Each structure stands twice: as C-alpha cells, then as structure tokens.
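Undergrad: One predicted model, sequence on top.
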Amino acid sequence: MKILSIETSCDETAVCLLEATGDFDADFSYKVLGNALFSQAHLHAQYGGVFPNLAKREHAKNLVPLLEEALRQASALSASAAQSLQGVPLESLQASLAREPELLEKIIPFIESYQKPDIDAIAVTYGPGLEPALWVGINFAKALSYVWNVPLVPVNHMEGHVMMSMVQNGAMRGFEFPVLSLLISGGHTELILSREWMKYERIGETRDDAAGEAFDKVARLMELPYPGGPVISQLAAEARLQGVPLELKFTPPMLNSKDYDFSFSGLKTEVRKVVEAAQPLTDDKKKEIALAFENAVAHVLVHKTIKAVEEFDVHTVVVGGGVSANSFIRSELAAKLAQRDASASLLVPAPEFATDNALMIAIAGYFHALRKDFAQPEAISATGNLRLE
Ligand code: KG4
Ligand code: ZN
C-alpha cells in the first residue's frame, strides 16, 4: 500500500510518501519513497515560540512545493499530457479551498501539470496541535483526495510519535506488551499504557506546561533562541563535561506525588527567580542553570516512568515527541531501566525523527488504512486538544 502523508500541526510542514506491507506482528516492512520537510522554527524564533498565524501562512506557502519534492524523490512526479484539472470542476476546487486562497493558487498549476501519483490513501494529522495550522494540512488533504479520488485517513499526531519509535530501518522493532509510552513534546507530556496494539490508556499527564514548553520557556528566560530544547541540552552537556559543581538544584516537580502526573510551571518560576537574581547572566551561569534544569526534568520524567514500569509490569518503554531527542533523558532512562532486575526494552526514535515529521504520520496512517479507518472529508476537522485513547 502507498500512503501519502501530510503534517502541519505545529511549525514543521512535512509531506511523505511511504510504501508499506504486512501488519505489526507479521512481516511489517516499509520503504520511504519520498520525505520532505520544512521547519519554520527559525521564523518563530523572534517570537520566542510558535506564532499560529505565521505557522498557518507558512504551511500554505510550503505544502505544494514539499509535495512536489516528496513525489520527485519517489520518481512519482509525471507531467500531465493535457493541461487539465483532471476532470475536476474549478468551482468545486475553489469551494473546497475557500478558506485557503494561497494554497488554492499553488495547487491549481500543480494539478494541471502533473498526473495523479500512484497512491492508495492520504493520511493527515487532524490533532492535537494548533488549529489554524492543522486546518491548512486538512484542507490540502481534502482537496487532493477530491481531485485524485483517494480515501482519507485522519491521524492523531501523538500516535504518530509512538509508532515512529517502534519502527526502524524499514521494519518493526521487537517489542512486547504491555508497552508504556512516555510522550514528551512541545505541547504534551504524558504516560500512555498499551496492553494491545493501537489501544491507548492514559495513566498520567502534565497539569500545566509540557516538558518541551518548559525547555522553550527557560531558554527564553535566559535569552536563548527558540526552540529551547536543543540549546539548553547543549549547555547542560557542556556543563557536565566541564564538571560544573551541582550547587544549584531545582526541585523536580511532583516527584513524590502518588499519581503519574507532571507539572512544569513551578519549575519555570524557580528558574525565573534564579535568573533574575543572577543578572547580568554570564555564560557560565547559563550553563549552570541549564544543567540544574535539565537534571530536574530528567529526574522526574525517569522516576515516574520507572514507577509505572513497575506497577504495570511493562515490557517495553517507548519514548516519543521532540523532547525524546534529548540525549541526557535517553541515557538516564536507559541507565535506570538497566538497574532493574526484570528487563524492559527501551525504544527511542532515530534523532532525526524525534521531532515532527510526516513519516510518523504515514506509518500511523498505514496501520489505520489497513484497518479501513477512512473518514469522509466532511467528517474531518482540526481538533487542537485531541486525546490519545
Ligand atoms: O514533537 P515536537 O517536534 O513538536 C510538538 O509536537 O510539540 O516537539 C518540539 C519540542 C520543543 O519544545 C523543543 O524545544 C523540544 O521538542 N526539543 C527538545 C530537544 N529537541 C527538541 N527538548 C529537549 N532536548 C532536546 N534535545
Ligand atoms: Zn510532535
């Protein structure tokens, strides 16, 4: 089966063309035929976070060029003999993209120039994320589905992150249920238990800021660029390497709460106080703060994950979402899992697929398409706070 996928939930615009066969437990294999991504992060840097209307505009501008690029990589871009809209009345196309004039302007010449590619379904992220951004991808998917007459598969972005960590090099990685997923991104921090494939039970989540959001806000407090995760973790790594003494310590939030919930906004306030008291901040102070902050975040994430591993007799731990790119969190979790008597394997995504991309949406979309989870275009709407359950 060939799946075209579209991801626009936040500040990455991405399109992927995937070919896959088999089910998760039986000879699943996949090949990435084309994968194109444009990160807008540098454009949002001036705002210190994602600015929804800018994200929407950029998605509308970049989707068609990225689709073209993904199809070109897949050698699936064939010129159309006749300059026609492939039998689609222009008015209907205009109506379907009435809310995306910029996208409409780009899609018409594209459809006129190229033949329908050989695809079986279009997978599109419909949540969670920023609704104005999600809508652009959804409307684009709807228009393509309409023009090419292929079914649509709505995909939950977080399920994409989970599945991205479970595959590698064209195959499914070995894993056993129960699977516990620690999902840590710019918008989410949650622990999800799966006793079966594609079944999700949330056992804990953040009560305020997400882990990635905390990294971004702390970076901003120290006047470091957005996204904060990579910069903070770089500074913390340098501090560790230099053996900066651990005099400064932040309290890992909700460490001893009885549940599996998290909270990061108090930690951010603690950091703010330290930052304010240490003005003007020297580079060494920034490193020291980054180190103490990353230690506190890693500590609570790892502690609650291990606690859930014990309680639910988990056999596989999956880490997904942008913050899973963090090498310190990865290594701390691996070390703590290795200390246990009972073994549980750890699956983390390849670093280049830890942050948002369209391959993860194609993989999740494939498994839903296999189960015929298609939706009528009218039934798909952007759902900013979509839950995984
Ligand atoms: O999954 P993602 O790309 O987008 C969302 O769905 O939110 O995650 C982006 C988040 C940002 O908050 C970014 O600062 C964080 O992931 N991030 C990191 C690292 N790389 C990205 N956080 C900590 N350490 C990193 N190395
Ligand atoms: Zn994400």
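TA: Now that the structure is in, tell me what you want to look at. Because the structure is predicted, anything quoted here is derived from the model rather than measured. Ligands and ions are numbered 1, 2, ... in the order given.
Undergrad: residues from this structure in reach of ligand 1?
TA: Residues of the chain lying close to ligand 1 by Cβ under 6 Å from any ligand atom are 10, 185-187, 212-213, 215-216, 227-230, 233, 321-323, 325-326, 355-356. No exception for glycine: its C-beta is placed from N, CA and C like everyone else's.
Undergrad: Narrow those to those in helices?
TA: Under the assignment DSSP state H, the residues of the chain next to ligand 1 contribute 212, 213, 215, 216, 228, 229, 230, 233 to helices.
Undergrad: pretty sure the second one is touching residue 187, no?
TA: Yes. Taking Cβ atoms under 8 Å as the definition, residue 213 is a contact partner of residue 187 at 7.1 Å.
Undergrad: re earlier: out of the ones in helices among the residues of the chain next to ligand 1, who has the most neighbours?
TA: residue 215 (31 neighbours; other Cβ atoms under 10 Å).
Undergrad: how far away is that one from residue 264?
TA: Remark: distance between residue 215 and residue 264 (Cβ to Cβ, to the nearest Å) = 9 Å.
Undergrad: what residues do those two have in common as contacts?
TA: The contact sets of residue 215 and residue 264 overlap at residue 297 (Cβ atoms under 8 Å, 6 or more residues apart in numbering).
Undergrad: now, which of the residues of the chain next to ligand 1 lie close to ligand 2?
TA: Among the residues of the chain next to ligand 1, the residues within reach of ligand 2 (Cβ under 5 Å from the ion) are 185, 356.
Undergrad: ok now stretch 29-38, how far from the chain's centre?
TA: Offset of stretch 29-38 from its chain centre (Cα atoms, centre = their mean, to the nearest Å): 15 Å.
Undergrad: can you list contacts of it?
TA: So stretch 29-38 is contacted by 2, 12-22, 58, 62, 66-67, 69-74, 76, 167, 170-171, 357-359, 363, 366 (Cβ under 8 Å, 6+ apart).
Undergrad: Any of those buried? List them.
TA: Among these, those classed as buried by 16 or more other Cβ atoms under 10 Å are 2, 12-20, 58, 62, 66-67, 69-71, 73-74, 76, 167, 357-359, 363, 366.
Undergrad: Keep only those of those that are in helices.
TA: 58, 62, 66, 67, 69, 70, 71, 73, 359, 363, 366.
Undergrad: Distance-wise, check the fifth one relative to ligand 2.
TA: To tie it back to what came earlier, the one meant is residue 69. Look at residue 69 and ligand 2: by Cβ to the ion, to the nearest Å, they are 21 Å apart.
Undergrad: quick one: pLDDT of that residue?
TA: In this model, residue 69 is scored at 98, pLDDT.
Undergrad: Around residue 144, how many other residues sit close by?
TA: 24.
Undergrad: meant to ask about residue 199, not that
TA: Neighbours of residue 199 under the rule other Cβ under 10 Å: 12.
Undergrad: Show me the strands in the stretch 1-150 of the chain, by range?
TA: Taking DSSP state E, counting those that start in this stretch, the strands of the stretch 1-150 of the chain run over residues 2-7, 12-23, 26-39, 121-127.
Undergrad: any chance of those strands in CSV, plus mean pLDDT and distance to ligand 2?
TA: Converted to CSV, the strands of the stretch 1-150 of the chain look like this (pLDDT from 0 to 100; distance: least, Cβ to the ion, whole Å):
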stretch, mean pLDDT, distance to ligand 2
strand 2-7, 98, 9
strand 12-23, 98, 8
strand 26-39, 96, 12
strand 121-127, 98, 9
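Undergrad: Quick check on the closest residue to residue 71 other than its chain neighbours: phi, psi?
TA: Nearest in space to residue 71, with sequence neighbours left out and distances taken as Cβ to Cβ, 6 or more residues apart in numbering, is residue 77 at 4.3 Å. Residue 77 adopts backbone torsions of phi -110, psi 100, taken as degrees, to the nearest 10.
Undergrad: Please report how far residue 77 lies from ligand 2.
TA: 28 Å.
Undergrad: List the contacts of that residue.
TA: By Cβ under 8 Å, 6+ apart, the contact set of residue 77 is 68, 71, 114, 117.
Undergrad: Return the residues in contact with the second one.
TA: It refers to residue 71. Listed by Cβ under 8 Å, 6+ apart, the contact partners of residue 71 are 17, 34, 77, 114, 117.
Undergrad: okay, now the domains of this structure?
TA: 2-161+354-379, 177-314 (automatic domain parsing).
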